[in-house]
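J.: Sequence unavailable; structure follows:
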């Protein structure tokens, strides 16, 4: 319950969160995350299998696929887990795999086997979201042309996290009649995964390219066109909400560190937290954090329930948390002072992560622009 | 020297500023400004004649017109006076008359007589800036059609301050070959001046309309087309810079009031200014105010010298001061607490003025957009 | 005055003693009485005009009718004119009365029935209660608080208004109060005065009942920045009071104050525990404003509108979260309420400034035409701008909320205090001679 | 070692006594010497690598050549190896040497010649100066400050590193220091230590000269958030020093510190009194960034770019204004300098965040290709973001600048102090037991 994202959690949710937090603390604590980051390495397979056993990859699939939610609202469950992950800066394609599971589990039965493996942690996937119809941020584009009864993919997309750890890619491409979604073997000929340099060293970013990659008709996820539009919109909302859930976890940890520092650090014969300059900065930051948590929960609840305002709340949450996250990490920096400027202190890992999260799956401005498309309509 | 806008003032500038400040304090102090505002009235003719004798309306005209600057840089002189005016929330068309004087003095010799009367305070003028060629904010539009060897004017412009006090209007209109500037008798048939409701009660706003107003060729100011473009750009810069000079004066006064309150008001056994929450808010506000003053001076100097970056600095100053002015008045409000919420206290007069100044002659966003037109060019 | 034979709150039991009727029975009787005696509500709120007692008369008559029928003070003690019934009877009556016109005393109604009377029931002497509570229930006494002072804003206990007891036992009240809502049409004020200057700040305070019409009392309306004048200030010039007017114990007024503040803050928005963030469209007022100035399709204006809307959603989500936290841990509710208050104090001004940016020049000056929707949207934006710091200041400034959050929620070390352990008289002297030196931390 | 027969700073006068040559004559000699002895500057700054003394050797040789020729310490006393000439001779030499390669000791050069040596000249004993100043001028001793401590950041005088004098007269130094720039290649450190814990904070402090290679001294480079490692931390474990190593008086180190801080802050940007705000185009780095991500025509991105540019202009205008205010009233210069510092501390982070918004996802991850200008623009934005709070913290936090502006410029009442009038030992004890109660204001 360290991040306390879901205040009115069900007992099942509490158990999920507690076991997840314990797993993180014992398996991949911050010191280990830092070691992996500095070595540029990913967690090992065992990490994912244990995580899967806790339910991390099954919350957005039904029981038929070996999944199931703890509370009846799988998105909220996933957000609660994501928050704990964020507090521990956990690496790996948690968001990507969950988006893929949600998309595949709701699609053709032929994907059931793959969903099962993803849910069990035996495979990992991520989402390669090409820009389609203004539904996704423009970080590249994949075109799917008809090829026999299958497709051939051409193009590339930047900013795909952890792509080298994934066995499968859920690719959103531009087809003749609108968006097409296809599941692609990450090791298929023509698939390129080029590591990018990045600010967030706890996540590894890639540009994923498709150089005449051929896939059969059985790679299709859902139906192209209008059906895919709606699916893509929902996938983006899930990705955005799980990302901000990770963000508020990271915010929570960074903030807690700063508060503890303010409580104990002494200057001018006083603990620095007794100065209003520090106290009020932290109080304002705490307000932002509480608002951010509240909005993430509202968006996750709505999305899990299929509420009419779910997409709106997802956009709102992503844009709000992106900006408040960066402000928070600046505020914590100011409270920490010089030690926050050292590589040795963990603060910069959170600063890097929150900077990167702010633009993952759409920046604050992009999400506001999407939300603003509803202005003056109807 | 109350606002201390021009730190390295010449002795002549110091004298101008001192006599102006003394004139304001003795003739139209805040209590009188308030009384006029509540009655909806304008200052009397004597106010303008004395002001003129101090040089208020002659700084942008040369000696041939009875004008002349104190320091050699008339715009800087005018800005210094404007700052004192702003500190005392002086009403009346100071900015408008100076813009008109600058425009007319640089134009055809036939306007010399009118310039002389404006400089001597025997007449007053203001600028009715119709939207032309993106050079002016779009608050209405006047079209000038050829009519014999003269023009006929049609259209209307909102947000013309103090129009009812003016004998003459400098009208910027859209002509066949680009902008046309004409000087129009404010009492001519077809000229309408409709009072608007407004937030700033110390300035009276009008919509000025032209209903088939005919003027002769001798009404022309400068040359239509390219010449007028440049003239309009300079007029807008003068209007913007004198407005922000008035704004920093108002900011200075509001700020000084808040600092004095923080020094003397006692709560919890301490003067409230000893609390960091108050002290640091005022320190940040002071930084903004110093930056604002610096930028206003830089813009006024450049404009008076005809420097290459004068227009750029005018846009910068207007957009910076607009936003900092509103922030400042909010900060002062917070320091003043409840008394700032009363009609009786002068604070709200400054809040109203700074809110209105922020958008007069172009909002912060508008000026940034104009400045941004240079991006990626050349 | 009250017709006891038809007391709706008591039936005669088999043992001859009266007892409350069953809730359903009570509710049925209330429904019947309401249908027969009350008018359907028309929706418009009464506005009380200064010096227009006629505005109040109808409301007082209505209150008296409720009282006479036994529907005033339903959960208050019978001894003081109430009905002594459990809270659910009160709620039942409210539910039945929905849609009917009940007495509307404006802001003073809330203060009288929601704060002052409840505080008296908790702290005043039985004689005091017998004298005032029935008259309150009958609509004969409307009460306000004479609490804040010009020289004591955030520092609530820094009261300087003074009451001195002369040898004859008469209390002489001098000083002034401010920010009393609606005092211009109230009958009485509960006034906090310093009765001992030689003890620490919180100790030498006493609450008094002061008639609004007593000799030496002057009440003036304060015109606000927005032009409204809901608040008042009061001046006390040798006002004579008696021991009977003391509420609670002499010099123990801070205990009474704490009760009062609890009632006052009890109904705050932060207690809204609705879990759902309801969709209401994107900031309709700002969309209307943007439309009125022709900026509906300007990407910069749209960005600002959505920014405000997102903040609105986050504020509502905050209230839902706070409600859940308060429910889980009621002991923290008072501290957590500071988040709700601070969010208004911080985001109201931001929103008002976003509106001004969206509206541009047309939001600072507009046509004098009340029927013009554009002018209305623009005037509203300007008024919101002027009034936007109300919640940053009133009822505890942003700074006070930040202190509460910092110290009571986050557990940060306290601000040093300079007014707790010495006579208030010295506190003021020392503050005037402030140098900041020589503090000690314990 | 120095050839006095060709001393450029002294001619033999008619009375047989030496005297400085006329300025023009001096300048001509310097020009000739420079042309013959110095190389044209190539522009690249030397980077000092840890454990690579070879990097320094060439610079030391160059410094020695200047010293031997009488062009080191031109305005410093002859007694300590300088030339004892007026400041304009020094300026004349600098002007003539423009475009030539002078010794570059990196950040340590500034500390050695601009701070430490000047402080020694002001406060150290004649013996100390004779021992060290000539070696400094000859390039044999590079000095840094061992001043900040891990537990004393903003609280400069809250030093806990301790020097104790044992009966034999040896000082034993224990503790640690941090944020010393370039200490990893310095020869000596000026170290502030507490020599008396039983007097108030500012009184029991003493400065010592500590050889970087003394037994018990450990110097470690600190890796910064941006990956650079210019700063160091030092650990002192029973380091033995003698009375000869004391700079200034024992227990009177704060007086020395004040001199030192003056030198340290003297060269600040705020002293730039150029009146004109020069046009340099609109935020070229941000325009380049926007171009690299294809947002050059996006109105939202353009608004952000111009916002940053306007702030840049306002910052430059502030420095011009401050310069004028300092010139008018030099006594306020030290306080006014806080505005310049605060403007960096406040606006650097704002600018860095604007850049991140402009750059979007491409500013947090980019191609691994140093030759790609897009990748360079993006990487720079990310690095600026990470480093953007440097000026908010280093050399006096934003909070310290706000205190200075509030108290010394605006005349606001002081913060209460809890560490001035009691032994430092008690200050730390009391702070740990902080409750905030019982402060007094005078």
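T.: Cool, the structure landed. Note that the structure is a prediction, hence the values are computed from the model and not measured.
J.: what about the residue of the stretch 251-378 of chain A found nearest chain B, neighbour count?
T.: Among the residues of the stretch 251-378 of chain A, residue A:276 lies closest to chain B, at 4.0 Å counting by Cβ to the nearest Cβ. All C-beta atoms are positioned from the backbone trio N, CA, C, and that covers glycine. Counted with other Cβ atoms under 10 Å in any protein chain shown, residues neighbouring residue A:276 total 22.
J.: just residue C:429 next, same as before
T.: 14.
J.: what sits against the residue of the stretch 251-378 of chain A closest to chain B?
T.: Under the criterion of Cβ atoms under 8 Å, 6 or more residues apart in numbering or on different chains, the contact partners of residue A:276 comprise B:275, B:276, B:277, B:280, C:399, C:402, C:403, C:415.
J.: The same query, at a cut-off of 6 Å, please.
T.: B:275, B:276, B:277 (Cβ atoms under 6 Å, 6 or more residues apart in numbering or on different chains).
J.: Grab the nearest non-local neighbour of it.
T.: Excluding its sequence neighbours, the residue lying closest to residue A:276 (Cβ to Cβ, 6 or more residues apart in numbering or on different chains) is residue B:276, at 4.0 Å.
J.: any idea how far residue C:373 is from that neighbour?
T.: In this structure, residue B:276 and residue C:373 are 46 Å apart, going by Cβ to Cβ, to the nearest Å.
J.: any residue of the helix or strand hosting residue C:399 up close to chain A?
T.: Residue C:399 is located in helix C:398-404, with elements delineated by DSSP states H and E. Yes - counting by Cβ under 6 Å from any Cβ of the partner chain, chain A has neighbours in helix C:398-404: residue C:402.
J.: Just after that helix, pick out the following helix or strand.
T.: Later in the chain than helix C:398-404, the nearest helix or strand by DSSP H and E is helix C:424-432.
J.: shaky segments in the chain?
T.: Let's take chain A. Within chain A, the set of residues satisfying pLDDT under 70 comprises A:1, A:377-378.
J.: Hmm, no, I was thinking of chain C.
T.: Applying pLDDT under 70 to chain C flags residues C:1-6, C:43-53, C:266-280, C:437-442.
J.: Domain-wise, how is the chain divided?
T.: As the question left the chain open, I've gone with chain A. Listed by automatic domain parsing, the domain ranges of chain A are A:11-119, A:125-222, A:227-372.
J.: ah, I was thinking of chain C
T.: In the assignment given by automatic domain parsing, the structural domains of chain C cover C:4-104, C:145-254, C:265-409.
J.: Now residue C:263: phi and psi?
T.: With angles defined as degrees, to the nearest 10, residue C:263 sits at phi -60, psi -40.
J.: Which stretches in the chain count as strands?
T.: Answering for chain A, as no chain was given. For chain A, strands defined by DSSP state E occupy the ranges A:125-129, A:140-147, A:150-161, A:168-175, A:178-185, A:191-195, A:197-198, A:205-215, A:266-267, A:270-271.
J.: other chain: chain C
T.: Secondary structure of chain C, counting by DSSP E: strands at C:11-12, C:18-19, C:143-146, C:162-165, C:171-181, C:188-194, C:205-211, C:217-221, C:231-241, C:246-247, C:365-366.
J.: Which of those strands sits closest to chain A?
T.: For the strands of chain C, proximity to chain A was assessed by Cβ to the nearest Cβ; strand C:365-366 is nearest, at 20.9 Å.
J.: other SSEs contacting that closest one?
T.: Using 3 or more Cβ pairs under 6 Å, 6 or more residues apart in numbering or on different chains; DSSP states H and E as the contact definition, the elements that strand C:365-366 packs against are helix C:373-387.
J.: residues contacting the most centrally placed residue in chain C?
T.: Compute the mean C-alpha point of chain C, and by Cα atoms, centre = their mean the closest residue is residue C:264, 5.2 Å away. Neighbouring residues of residue C:264 by Cβ under 6 Å, 6+ apart: residue C:115.
J.: roughly how far apart are it and residue D:80?
T.: When distance is defined by Cβ to Cβ, residue C:264 is 73 Å away from residue D:80.
J.: cool, residue C:233 as well?
T.: Using Cβ to Cβ, one gets 72 Å for the distance from residue C:233 to residue D:80.
J.: tell me which parts of the stretch 201-350 of chain A are close to chain D?
T.: For the stretch 201-350 of chain A, the residues in contact with chain D (Cβ under 6 Å from any Cβ) are A:205, A:266-271, A:277, A:330, A:333-334, A:337-338, A:341-343, A:348.
J.: Also near chain C: which of those residues, exactly?
T.: Near chain C, judged by Cβ under 6 Å from any Cβ, the entries from those are residue A:271.
J.: quick one: residue C:234 from chain D, how far?
T.: 31 Å (Cβ to the nearest Cβ, to the nearest Å).
J.: okay, now residue C:295: neighbour count?
T.: Using other Cβ under 10 Å, the number of residues around residue C:295 comes to 21.
J.: Can you tell me, leaving aside adjacent residues, what's nearest to it?
T.: Closest residue to residue C:295 in three dimensions, ignoring its sequence neighbours and counting by Cβ to Cβ, 6+ apart: residue C:301, at 3.9 Å.
J.: just checking, the one you found touches residue C:289?
T.: No - taking Cβ atoms under 6 Å as the definition, residue C:301 is not a contact partner of residue C:289, at 9.1 Å.
J.: For those two, indicate the residue with more neighbours.
T.: Shown here are residue C:301 and residue C:289; by other Cβ under 10 Å, residue C:289 has more neighbours (29 against 25).
J.: Could you measure from the residue lying closest to the more buried one once chain neighbours are set aside over to residue C:348?
T.: In this structure, residue C:289 finds its nearest non-sequential neighbour in residue C:377, 4.6 Å apart by Cβ to Cβ, 6+ apart. Remark: distance between residue C:377 and residue C:348 (Cβ to Cβ) = 18 Å.
J.: Which one's more surrounded, these two?
T.: For residue C:377 against residue C:348, the residue with the higher neighbour count under other Cβ under 10 Å is residue C:377, and the figures read 23 against 18.
J.: In chain A, which residue is most central in space?
T.: Chain A has residue A:243 as the residue nearest its centroid, 3.1 Å off, counting by Cα atoms, centre = their mean.
J.: The closest residue to residue C:84 other than its chain neighbours: how many residues sit nearby?
T.: In space, not counting the residues next to it along the chain, residue C:84 is nearest to residue C:78; the distance is 4.1 Å by Cβ to Cβ, 6+ apart. Other residues lying near residue C:78 total 14 when counted by other Cβ under 10 Å.
J.: Quick check: phi and psi on residue A:188?
T.: According to degrees, to the nearest 10, residue A:188 has phi -70, psi 150.
J.: count of residues packed around it?
T.: The burial metric for residue A:188, expressed as a neighbour count using other Cβ under 10 Å, is 15.
J.: If we ignore the residues flanking it in sequence, what's nearest it?
T.: The shortest distance from residue A:188 to any non-neighbouring residue, by Cβ to Cβ, 6+ apart, is to residue A:213 (5.7 Å).
J.: can I assume the one you found is in contact with residue A:190?
T.: Yes - counting by Cβ under 6 Å, a contact exists between residue A:213 and residue A:190, whose distance comes to 3.9 Å.
J.: More neighbours: the two, which one.
T.: Just comparing residue A:213 and residue A:190: by other Cβ under 10 Å the higher neighbour count belongs to residue A:213, 24 against 14.
J.: Give the bridge partners for the more buried one, please.
T.: Assessed by DSSP bridges, residue A:213 has beta-bridge partners residue A:153.
J.: And it, how far from residue A:187?
T.: Distance, residue A:213 to residue A:187, by Cβ to Cβ: 11 Å.
J.: before we move on, what about residue C:418?
T.: 71 Å.
J.: Tell me who's in contact with the residue of the stretch 151-300 of chain A found nearest chain D.
T.: Minimum separation of the stretch 151-300 of chain A from chain D (Cβ to the nearest Cβ) falls at residue A:269, amounting to 3.3 Å. With contact set as Cβ under 6 Å, 6+ apart, residue A:269 has these partners: D:418, D:419, D:427, D:431.
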